[in-house]
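A.B. asks: A structural model of the following input is requested.
(chains A and B)
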Amino acid sequence: MDIFLQQLINGLTLGSIYGLIAIGYTMVFGIIGMVNFAHGDVFMVSAFIGLICVLLLTTVVGISSIFLVLAITLVVAMLFTGLTSWAIERVAYRPLRGSFRLAPMISAIGMSIFLSNFVQVAQGPRNKPLPPLVPDVIVLMERNGYQVTLAYKQIIIMAVTAGLLFGFWWLVQKTPLGRAQRACEQDRKMAALLGINVDRTISLTFVIGAALAAVAGVMYLMYYGVVNFADGFVPGVKAFTAAVLGGIGSLPGAVLGGLLIGLIETFWSAYFSIEYKDVAAFSILVVVLIFMPQGLLGRPEVEKV
Amino acid sequence: MSAPLLAVRGVETFYGNIMALKGVDMDVNEGEIVTLIGANGAGKSTLMMTICGAPQARAGAVTFAGKDITRLPTHEIMRLKIAQSPEGRRIFPRMTVYENLQMGAAVEGGTHFEADLERMFEMFPRLKERIGQRGGTLSGGEQQMLAIARALMSRPRLLLLDEPSLGLAPLVVRQIFEAIRTLNQTEGLTVFLVEQNAYHALKLAHRGYVMVNGRITLSGTGTELLARPEVRAAYLEGGR
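C.D. replies: The predicted structure is shown next:
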């Protein structure tokens, strides 16, 4: 029971991070039907932006309140990562729109390699450590010397994720921007006929997806306390898997998929073997896709056109 | 006579290498209902989409209210208060009726939204019953009403209607044409109507054009065209 509880906490934390990244994949896929393979690396870049920002704020500026540092870092990371993603879309994807289907995808793979190599050259290939920002934990229960703990950083991750998802849901469902976005997703030509600037809406989709990934990046950095240039790949692929598992194009699906992948991974590591955790996560994906090809919350096609 | 609200001059439109419009000239004056009739594949919808800049004309010019709009991107053209109810209706299937109407008002800015909504409900009471339903679950006739209402939500100066009668029951067609006539008479709305249902369209319109193979072959008032033997032979035999 105590191991179960501990793994549940760990799994939800990890799942929150995957879910935040997965939203970026699913949104971009929904609106332009393209898998943005560079999204994982955008996440990695955001962790580096976060790292630089934290170090600057603590050592150069000398802010001692850790929550203030985190808050500023989050905003800065969202801003710069959003900008990066906007530039990527502008340079590497928009000129290829209307080209054959694989072209932007190949371009995305190119961007992914470019980003990780750029960070490798600019920041060095080694792990970049960060001293623990929020080391405190709450002991929930203790039995036979085994402690179930809930770290403050885990609370922060889950709370920020929940708050962000609520804000994001509100943006998509209730604001004109979100409506324009859904309209473009369902029928781009018609959206243009209603006076919606489709290119701008697509750009904003990339920026929003990147901003969510930036939060995930800062959280990842805070959670593990270390980041390197290759860290975009595995979390990126896992988040993409989460998006597919939940039903690509579905926003709640991306979050659900993220949480599931996080839970599967941690439970498998705890009860079976940690070496096979990725095998477990991807096996579940295969099984789900065989029986539910549209994913867990993928939309059933019952519409009249 | 004052300059026309919409002027199409020598417009040529291509799909790849295929020339769909071969030099089209056409006018729509303020306050008029103008119809364009023709067979399948004549280029009627292409002309309507060319006016909206998707695709853009390769040669010729489209002028709206004195402004050359030939090279403007689609969304900027629509912001000049042109609204289109397109071929196939193109309702957003996973948005509610209410949200579809909100999208129609996107250009307008939302200041008259509530009042306009009431107007639409008066014209199409069916939409009020369906307000929270997703667009994709509506019947064809309801979708057509929604498409027209959505276009009207922007308070257009020019309403483009592409085959509003397609696939609808005669009763619904009459209802929709009646709504168009009322809008034109009471509010002076200018309408450009593309139709295959030539009889009804020519009855409704002040003026009409006939398109064959990407060219305008005939034009005149609605009653003139209805009386022409070639129009009767090609578009009305068996129709009425």
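A.B. asks: When you work out contacts or count neighbours from here on, use the C-alpha atoms and nothing else.
C.D. replies: Will do.
A.B. asks: Any idea how many residues pack against the spatially closest residue to A:F233 that is not a sequence neighbour?
C.D. replies: For A:F233, ignoring the flanking residues on the chain, the nearest one in space by CA to CA, 6 or more residues apart in numbering or on different chains is A:G40 at 5.8 Å. Close neighbours of A:G40, defined as other CA atoms under 10 Å in any protein chain shown, add up to 31.
A.B. asks: Counting by contacts, list what the helix or strand in which A:G40 is found packs against.
C.D. replies: Assigned by DSSP states H and E, A:G40 belongs to helix A:39-55. With contacts defined as 3 or more CA pairs under 8 Å, 6 or more residues apart in numbering or on different chains; DSSP states H and E, the packing partners of helix A:39-55 are helix A:2-32, helix A:66-88, helix A:102-123, helix A:198-224, strand A:226-227, helix A:233-246.
A.B. asks: Skipping its backbone neighbours, what lies nearest B:G141 in space?
C.D. replies: With CA to CA, 6+ apart as the measure, B:L168 is the residue that lies nearest to B:G141, at 5.9 Å, once sequence neighbours are left out.
A.B. asks: Just confirm that neighbour contacts B:Q143, I think it does.
C.D. replies: No. At 10.4 Å, B:L168 does not count as touching B:Q143 under the criterion of CA atoms under 8 Å.
A.B. asks: out of these two, which sits in the busier spot?
C.D. replies: When neighbours are counted by other CA under 10 Å, B:Q143 comes out ahead of the other of B:L168 and B:Q143, with 24 against 15.
A.B. asks: So the more buried one sits against B:F92, correct?
C.D. replies: No. Because the distance of 9.8 Å does not satisfy CA under 8 Å, B:Q143 is recorded as not touching B:F92.
A.B. asks: Neighbours of the residue in chain B that chain A sits nearest to, how many?
C.D. replies: Closest to chain A within chain B is B:H75: 4.0 Å, counting by CA to the nearest CA. Counted by other CA under 10 Å, the residues lying close to B:H75 total 22.
A.B. asks: Please report the distance of it from A:G195.
C.D. replies: Taking CA to CA, to the nearest Å as the measure, B:H75 falls 4 Å from A:G195.
A.B. asks: what about B:E12, is that helix, strand or coil?
C.D. replies: Here B:E12 is recorded as strand under DSSP: H, G, I helix; E, B strand; the rest coil.
A.B. asks: What does the pLDDT read for A:K304?
C.D. replies: Listed pLDDT for A:K304 reads 43.
A.B. asks: what does A:G33 give?
C.D. replies: Turning to A:G33, the model gives it a pLDDT of 87.
A.B. asks: A:V60 now?
C.D. replies: Model confidence at A:V60, given as pLDDT, is 89.
A.B. asks: count of neighbours near it?
C.D. replies: For A:V60, the number of neighbouring residues by other CA under 10 Å comes to 9.
A.B. asks: Equivalent analysis for B:L117, please.
C.D. replies: Neighbour number of B:L117 under other CA under 10 Å is 21.
A.B. asks: Whatever helix or strand it lives in - contacts with which helices or strands?
C.D. replies: Per DSSP H and E: B:L117 is located in helix B:113-123. Packing contacts for helix B:113-123, counted by 3+ CA pairs under 8 Å, 6+ apart, involve helix B:125-129.
A.B. asks: got the contact list for whatever helix or strand comes next after the helix it packs on?
C.D. replies: Following the chain from helix B:125-129 toward its C-terminal end, the next helix or strand by DSSP H and E is helix B:140-152. Among residues not part of helix B:140-152, those counted as contacts by CA atoms under 8 Å, 6 or more residues apart in numbering or on different chains are A:194, B:83-86, B:89-91, B:97, B:100-105, B:120, B:124, B:126-127, B:135, B:159, B:161, B:164, B:167-169, B:172, B:176.
A.B. asks: now do stretch A:93-106
C.D. replies: For stretch A:93-106, with CA under 8 Å, 6+ apart as the criterion, the contacting residues are A:M34, A:V35, A:N36, A:F37, A:A92, A:S107, A:A108.
A.B. asks: Narrow these to those in strands?
C.D. replies: Using DSSP state E, no member of these sits in strands.
A.B. asks: which phi and psi does the closest residue to chain B within the stretch 51-200 of chain A have?
C.D. replies: Shortest the stretch 51-200 of chain A-to-chain B distance, computed as CA to the nearest CA: residue-wise this is A:G195, at 4.0 Å. Backbone torsions for A:G195, taken as degrees, to the nearest 10, come to phi 90, psi 10.
A.B. asks: For stretch B:168-186, output the C-alpha coordinates as PDB.
C.D. replies: Output for stretch B:168-186, consisting of C-alpha atoms alone and laid out as PDB, is shown next (Å, rounded to 0.1, in the frame of the first residue of the first chain):
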ATOM      1  CA  LEU B 168     -33.100  20.700 -49.800                       C
ATOM      2  CA  ALA B 169     -36.800  20.000 -49.800                       C
ATOM      3  CA  PRO B 170     -38.900  22.500 -52.000                       C
ATOM      4  CA  LEU B 171     -40.600  23.900 -48.900                       C
ATOM      5  CA  VAL B 172     -37.300  24.700 -47.300                       C
ATOM      6  CA  VAL B 173     -36.000  26.200 -50.500                       C
ATOM      7  CA  ARG B 174     -39.000  28.500 -50.700                       C
ATOM      8  CA  GLN B 175     -38.400  29.500 -47.100                       C
ATOM      9  CA  ILE B 176     -34.800  30.400 -47.700                       C
ATOM     10  CA  PHE B 177     -35.500  32.300 -50.900                       C
ATOM     11  CA  GLU B 178     -38.200  34.200 -49.100                       C
ATOM     12  CA  ALA B 179     -35.800  35.200 -46.300                       C
ATOM     13  CA  ILE B 180     -33.300  36.500 -49.000                       C
ATOM     14  CA  ARG B 181     -36.100  38.500 -50.600                       C
ATOM     15  CA  THR B 182     -37.100  40.000 -47.300                       C
ATOM     16  CA  LEU B 183     -33.600  41.000 -46.400                       C
ATOM     17  CA  ASN B 184     -33.100  42.700 -49.700                       C
ATOM     18  CA  GLN B 185     -36.400  44.600 -49.600                       C
ATOM     19  CA  THR B 186     -36.300  45.600 -45.900                       C
END
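A.B. asks: List the buried residues for that stretch?
C.D. replies: Residues of stretch B:168-186 classed as buried: B:V172, B:V173, B:I176, B:F177, B:A179, B:I180, B:R181, B:L183, B:N184 (neighbour count, 16 or more other CA atoms under 10 Å in any protein chain shown).
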